[in-house]
Structure formats: C-alpha cells, structure tokens
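A.B. asks: Okay, here's the prediction I keep looking at, along with the sequence it came from:
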Amino acid sequence: QQQQQQQQQPLFQQDPMKDEMSSHNARHTQSAGALSSRQQKGNYLPGDRVVFAESPSAPGIPIVYRTQEERASNPDRLNLDRRRLTVCPILEGEEHLRLLNLQHNLISKIQHLSNLRRLIFLDLYDNQIEEITGLAALKSLRVLMLGKNRIKKINNLDNLQKLDVLDLHGNLINKIENLQHLSELRVLNLAGNSIIHVEHLSGMDSLAELNLRRNQIVNVTEVDTLPNLQRLFLSFNSISSFDDIACLGESASLSEVSLDGNPLAQEAFYKQTILKHMVQLRQLDMRRISEEERRIAAVMARKEEEKKRETNKMAIIKEKRRLAINNAARNWEAHQSAALSKISRFQPPPQKDSARKRTSQAEDEENRNVRPNWQDTSSKSSQDSLSGDAWVTAEGTEVRGERATSQSSFRSESQTSVRSADRPRSPDSISNDIGQSHLAELEGEVLHLYGVGALDSLDRNWGIQAAGSVTSVSFHFIDFDDISRQLHKIRNRFPNAQTLIFNETNIRNLQQFNTLASLRRLDNLNVVPEGNPVTQFTLWKQYVLFRLAHFSLRKINDTEVTASDMVNAEKMFGTLSHITTSQLPQSRLLTLLGETRRKKLGMASERFRKADGEDGKSERASESVGRAGLQYMCEDLAKVKHKEQAARNKFSHCYIKELTKDATIGNKKQQAVQQVWQYLFREMVQKCIHDMREPHRYMRELMEDFEGKKQS
C-alpha cells in the first residue's frame with residue numbers, strides 16, 4: 001500500500017500548480033487510458049466494481065459497496081469520478097481508505113466523510129460545491145482538490161493542520177483568508193478566481209509554490225513573510241507597476257516568478273526592472289535568465305540609484321526652499337506688524353466728520369507727496385523731509401491707508417508664501433544661497449530674492465555667464481529701504497538687468513522711486529499692490545514716468561507706456577524741475593550728483609549747445625539737473641547723516657568757542673600792556689642813561705659778569 005501511495009501521489013501533486021486547462025488535460029488522459037483498459041479487460045475496471053444502493057433511513061443518499069475482490073486489489077483507493085453524483089455517497093466499510101476520487105460529478109455539498117479518519121487525498125474537482133464544509137474529521141488529509149467549483153470563501157479548514165496541497169482554482173473566491181494556520185502547506189493553487197488584493201499570507205511558513213494566474217490582482221503584499229516560497233505565478237492579472245509588487249524584492253527565497261500578461265510586462269524595461277529588484281531570480285516568465293540580462297539590469301540599477309539620490313537631493317533643496325520662503329514671510333509679517341503698532345500709537349482718534357476730512361486730507365497729502373526733496377543737508381528741515389516718516393500726515397490719513405494695505409497683506413501672507421514655495425521650478429533653476437529665513441534663487445533669467453538676508457548674496461561670485469543671463473530681479477519680503485542701499489550692486493554685477501519686480505517691499509511714498517535712477521537700465525517696472533502702499537496713490541505711475549524719463553520705460557505693471565503717458569507725466573510734474581533748481585544753486589546740485597553725473601550732464605549740455613544754441617542748452621540742462629536733484633534717503637541713512645551733522649555742528653561750536661576765548665584773553669593782555677607800557681618805557685630810559693653815564697665801569701661790570709657765568 002505504501003508503494004502504491006508513493007507511486008500515485010506525484011501524479012496528483014503535479015496537477016494543482018498548473019492552470020485548469022493543464023489539470024483538465026491530465027485528467028482527460030487518465031480517462032482515455034481507463035477506456036482503453038476497459039476495452040482490453042472487459043466490463044470490469046478497478047474502481048468500477050462498486051455497488052450503489054439506497055439507505056432506507058436516508059432516502060436519496062446513495063450507499064457505495066465494493067466487492068471483496070475490488071477492495072482487496074485497491075484497499076486504500078476508491079475512484080468514483082463521472083458518476084453523475086449529486087451528493088457525496090455513504091461509504092460502507094471504507095475506514096482504511098486513503099485516496100478518494102469524486103471529480104467530474106454534480107456534488108453541491110461535502111458530507112458523509114467523517115468515518116474516513118485515514119484519508120490523505122480527496123479530489124472533488126469539477127463539481128458544484130459552493131462552500132467548504134464536512135472536513136473537520138479529516139485531520140490526516142494532506143491533499144485537497146477543490147478546483148472548478150463554485151466556492152466563494154475560504155473557510156472551515158481549521159482542523160486540516162497537515163494539509164500539504166490545496167487546489168482551489170477556477171472558483172469564485174475574491175479574498176485570501178483563513179490560511180494562516182496551515183504551517184505545513186507547500187502548494188497553493190488559487191488560479192482562475194476573482195482575487196484583487198493578495199494579502200493574509202503570513203503563517204504559511206512551508207509554502208513553496210503559489211499559483212495566482214488569471215485573477216484580477218492589482219497589488220501583492222506579505223510575500224516576503226513566506227520564508228520558503230520559491231515559485232510564484234502571477235500571469236494574466238492587472239499589475240501595472242513594480243511598486244504594486246514591491247514585496248517580491250524583499251523575498252530572499254524566490255527563484256521563479258511569472259508576470260506575463262500583466263500591464264507591467266508591456267513596459268520597455270520590464271525585465272531589467274524586475275531583475276534590478278530581484279537579483280536572486282533564476283527564471284522569469286518560464287524562461288531562464290542569462291548573465292547578459294543580469295549585467296544590463298545591474299547597469300540600470302546603478303543609474304536608477306543615482307537618479308534616486310539626485311531626486312532626494314532636489315527634494316531636500318525644495319523643502320529648504322519652502323521653509324526659507326515661509327520664514328521670510330513670517331519675519332516680514334512680524335516686522336510689518338511691529339511698524340504698524342508703532343505708528344498706530346501716534347494716530348489720533350477718528351473724528352465725527354471723518355468722510356469729508358479724509359477726502360480733503362487725502363488730496364492735500366497726495367499733493368504733499370510730490371514735493372521735491374532738495375537734499376539740503378545744512379538744514380534740519382531738509383533732513384526731516386528725507387525720512388519716510390515725513391510722509392505720514394498729522395491727521396493720520398496715510399497711516400490709515402498703509403494700515404489697510406498692511407492688513408490685506410497679512411491676510412494673504414500665508415497664501416502668498418505657499419504660492420511662492422509651491423511654484424514649479426524650471427530645470428535650470430539655481431539656488432545660490434538658501435538660509436533659514438532667506439533665499440536667493442536664479443531661475444532662468446529671473447533672480448528671486450526672498451528675505452532681507454538674500455541681499456547678502458549680491459556680494460557672491462555668480463559667474464560671468466550666470467550674471468550676464470539675469471534680465472529680471474524680483475524682490476520678496478524685503479523693505480525697500482534695504483533694497484535701495486544695494487541697487488549699486490545690481491547695477492555693477494548684473495549689467496543686463498532691465499526688469500525690477502517689487503513684491504511685499506513696503507514702498508510707501510513717491511520719493512522712494514528716486515533711488516531707481518541710479519540703475520544702468522530699466523525697461524519694465526512691476527510694483528505689486530500687496531505690501532506696497534504707494535500703489536494707492538493715483539499718480540504714482542505718472543511720477544515714475546517723470547522721474548525715470550531717461551530710461552524710456554516700456555511697461556509699468558505689465559501695461560504698455562505710450563507717448564501720451566509721457567506727455568501727461570511731464571505736464572503733471574514738470575514744474576518740480578524748476579522748483580529744484582530755484583531752491584539750490586546748480587553747483588550745489590552737481591556736487592551732490594557726483595563726478596559721473598557731472599560728466600554725463602556736461603556731455604548733454606554740450607549736445608544741447610550745438611543743437612539749439614546757448615538758450616536752449618541752459619533750459620534743458622537745468623531741467624535734467626532738476627530731475628537729478630530729486631533724491632531719496634532712507635530713514636536709517638537720514639538718521640546717520642543727522643548724527644554726523646549734529647557732531648559737526650557740535651565740533652564747530654566748540655571750536656568757535658575756543659577761538660573766542662583765546663581772542664578775549666589776547667585782547668585783555670593787549671589792554672594790560674597798553675596800560676603799563678609808559679611806565680616800562682620810562683624805567684628803560686632811566687636805566688640806559690644811568691649806565692651810559694660811566695661807560696668804563698659799566699663795561700667792566702659786564703665783563704666780570706660774563707666771566708663769572710663762563711666759569712660757572
């Protein structure tokens with residue numbers, strides 16, 4: 001019996017791991033052999049010499065008896081396939097049965113098998129079974145064949161601890177479950193079901209072969225928890241990427257995998273991708289892997305690793321960039337809040353007739369905002385006019401406007417920073433300097449500066465090619481007063497810069513635009529309304545066109561500048577040039593402009609003299625000088641200048657005081673000399689007459705006195 005069992009067992013263990021077609025073909029071959037044997041031996045064949053009867057106590061349930069000759073020839077094997085059985089028959093006297101074949105019947109329920117305590121092989125292939133039941137007593141069962149049935153759920157296998165082969169292919173199962181206790185299971189066939197997710201595989205430590213062909217699988221997990229799994233068949237499923245089966249790369253025991261028929265297998269580098277993650281594979285899609293394929297996969301793995309490192313590096317840089325922009329935005333908001341609270345302390349309470357006064361005050365303030373700053377450092381009033389606080393009216397008109405703008409800026413601060421941080425970057429962007437609260441980034445032809453610390457990056461070596469490619473400079477979350485101190489660096493380091501963008505820079509008065517005149521070139525100017533209160537003034541664009549007329553601006557805030565705009569700006573603010581030249585002498589203005597501006601104006605004057613004569617030259621030169629006299633000095637610099645002027649005044653006062661004191665003392669000495677001079681002169685004359693009366697004696701006394709001094 002043991003020899004027969006060893007001879008028959010390999011036949012049944014090979015069928016479960018093939019698909020149902022190969023399993024069906026194998027069984028069809030057995031049936032053909034049985035028919036040919038029947039033709040040779042007559043009407044009797046082992047397995048056919050059985051008697052069917054009906055139990056009076058259980059109507060409709062057949063009882064199977066075997067003849068003594070049949071039972072003696074095959075005491076542990078019973079073949080009842082293709083008998084059109086609708087229920088499992090009662091087997092009388094078959095307590096020693098080990099192999100039972102009930103395939104190709106119409107059985108819908110597993111029952112009447114509790115007396116087969118020694119059964120190790122049960123084949124119920126191609127029946128109509130809908131639920132796994134009636135197997136609790138078969139604790140010795142090793143092979144269970146339930147393929148091509150109507151089973152919807154895997155359950156009731158708790159007592160089959162010794163199960164070695166389980167075939168459930170061709171059913172209606174949509175979930176793998178209740179198999180964790182089968183620690184001795186080696187072969188599991190679930191092909192041809194409706195499984196979508198492969199999971200709940202842990203616990204089957206002896207599983208060596210798993211067939212999941214022709215399902216609807218989209219992802220696989222827990223395969224790496226099977227320590228002895230060697231063969232895995234996943235052909236003809238819905239796996240689209242290796243990420244869906246990433247756990248296969250973590251398995252150290254897999255040597256054969258089949259993935260053909262999946263969307264993943266249609267990719268160009270499918271095989272190289274699999275071999276890159278599963279270097280231990282010997283066969284892929286039923287084909288042996290060559291050394292050349294392994295070499296190509298290794299090269300691709302190295303390239304992929306380099307790409308991954310570069311991606312991680314870019315992700316880190318992107319995160320640092322986002323944090324830097326957000327920190328710059330928060331610092332800017334805190335700075336603006338502090339400045340706003342400082343100004344609000346000096347603001348008087350609102351009056352009843354506020355609407356009328358606000359209108360008149362706004363008009364007066366707008367008219368005052370366009371007054372020229374003549375840079376007369378000799379007077380304190382001129383110094384006060386240079387500071388930014390000079391533009392805040394006593395009634396608080398401009399303070400309210402600035403506060404409204406600042407509050408709107410605060411409300412949109414987080415959104416602005418998020419938009420800036422999440423803004424897609426071009427491949428050629430360069431982050432030259434990233435700090436905790438600032439960022440200097442060159443993206444294409446635009447240099448983005450976030451935070452006041454980014455201005456320090458202007459001193460760095462950008463390289464000739466990078467610096468020459470910069471055509472636009474964008475400022476974010478930087479006070480304009482800080483920017484104005486660095487404009488000369490932009491002029492020198494970025495000679496092709498022709499566009500300036502001010503976003504959240506606190507441009508609050510028209511005077512600040514005067515500093516832009518020191519640039520080399522300016523074609524386009526963008527002042528974002530958020531964070532720049534000056535945009536509330538209706539005439540700010542006209543003032544920019546007037547003050548920066550020598551640049552011939554093309555666009556302001558993406559709006560084309562026309563000839564009529566230039567004419568209107570000249571009509572509106574042209575008088576400022578004459579006011580400037582009338583307040584200070586031209587020599588004083590030329591001194592303030594510096595040597596470079598003096599040469600430039602001298603050349604312009606020469607051209608005007610040749611073209612229009614002396615009168616035209618004088619008028620146009622004075623107009624150019626008048627524009628150039630409109631300067632701006634930031635508040636901090638004005639304070640420094642004021643301190644220097646105060647120190648000079650103090651020194652001058654002390655110096656004049658000392659001179660006055662010395663002169664007074666000298667005068668007193670002179671008066672004292674004049675008073676005693678006549679007495680001194682009288683004594684001198686008397687002494688001379690006395691000495692000259694006896695000249696010999698006088699000479700002798702002088703000689704003795706001389707010799708005495710010589711000896712001493």
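C.D. replies: Cool, got the structure.
A.B. asks: Backbone torsions only: list them for H642.
C.D. replies: Phi and psi for H642, reported as degrees, to the nearest 10, are phi -60, psi -40.
A.B. asks: R648 versus that one, what's the distance?
C.D. replies: 11 Å (Cβ to Cβ, to the nearest Å). From N, CA and C alone the C-beta is placed, and that goes for glycine too.
A.B. asks: Looking at those two, which has the bigger crowd around it?
C.D. replies: H642 (16 against 11; other Cβ atoms under 10 Å).
A.B. asks: mind checking how far that one is from Q511?
C.D. replies: On the measure of Cβ to Cβ, H642 and Q511 end up 17 Å apart.
A.B. asks: Validate this expectation: L442 resides in a helix.
C.D. replies: No - per DSSP: H, G, I helix; E, B strand; the rest coil, L442 lies outside any helix segment and is strand.
A.B. asks: for it, which residues make a bridge with it?
C.D. replies: Assessed by DSSP bridges, L442 has beta-bridge partners I430, L447.
A.B. asks: give me the number of residues near it?
C.D. replies: What L442 shows, counting by other Cβ under 10 Å, is a neighbour count of 19.
A.B. asks: Help me confirm that it comes into contact with S472.
C.D. replies: No - applying Cβ atoms under 8 Å as the test, L442 and S472 come out as separate, 10.5 Å apart.
A.B. asks: okay, and the common contacts of those two?
C.D. replies: The contact sets of L442 and S472 do not overlap (Cβ atoms under 8 Å, 6 or more residues apart in numbering).
A.B. asks: From T311, how far out is the residue nearest in space to the middle of the chain?
C.D. replies: Nearest residue to the geometric centre of the chain (Cα atoms, centre = their mean): K318, 3.8 Å. To T311, K318 is 10 Å away according to Cβ to Cβ.
A.B. asks: D662 now?
C.D. replies: On the measure of Cβ to Cβ, D662 and T311 end up 80 Å apart.
A.B. asks: Ok, Q465 next?
C.D. replies: 26 Å.
A.B. asks: okay, those two: which has more neighbours?
C.D. replies: Shown here are Q465 and T311; by other Cβ under 10 Å, T311 has more neighbours (10 against 7).
A.B. asks: who's in contact with H197?
C.D. replies: Shown in contact with H197 (Cβ under 8 Å, 6+ apart): 175, 217-219, 221.
A.B. asks: now the strands for the stretch 51-200 of the chain?
C.D. replies: Taking DSSP state E, counting those that start in this stretch as the test, the strands found in the stretch 51-200 of the chain are 62-66, 77-79, 90-91, 99-101, 121-123, 143-145, 165-167, 187-189, 197-198.
A.B. asks: Tell me which of the ones you listed approaches I490 most closely.
C.D. replies: I490 lies closest to strand 197-198 among these, at 59.4 Å (Cβ to Cβ).
A.B. asks: Could you tell me the average pLDDT over whatever helix or strand comes next after that closest one, please?
C.D. replies: Using DSSP states H and E, the helix or strand that follows strand 197-198 in sequence is strand 209-211. Confidence for strand 209-211, expressed as mean pLDDT, is 95.
A.B. asks: and what of stretch 258-274?
C.D. replies: Averaging pLDDT along stretch 258-274 gives 87.
A.B. asks: now stretch 89-103
C.D. replies: Taken as a whole, stretch 89-103 carries a mean pLDDT of 88.
A.B. asks: Stretch 310-323 now?
C.D. replies: Stretch 310-323 comes out with an average pLDDT of 84.
A.B. asks: which parts of it are buried?
C.D. replies: 321-323 (16 or more other Cβ atoms under 10 Å).
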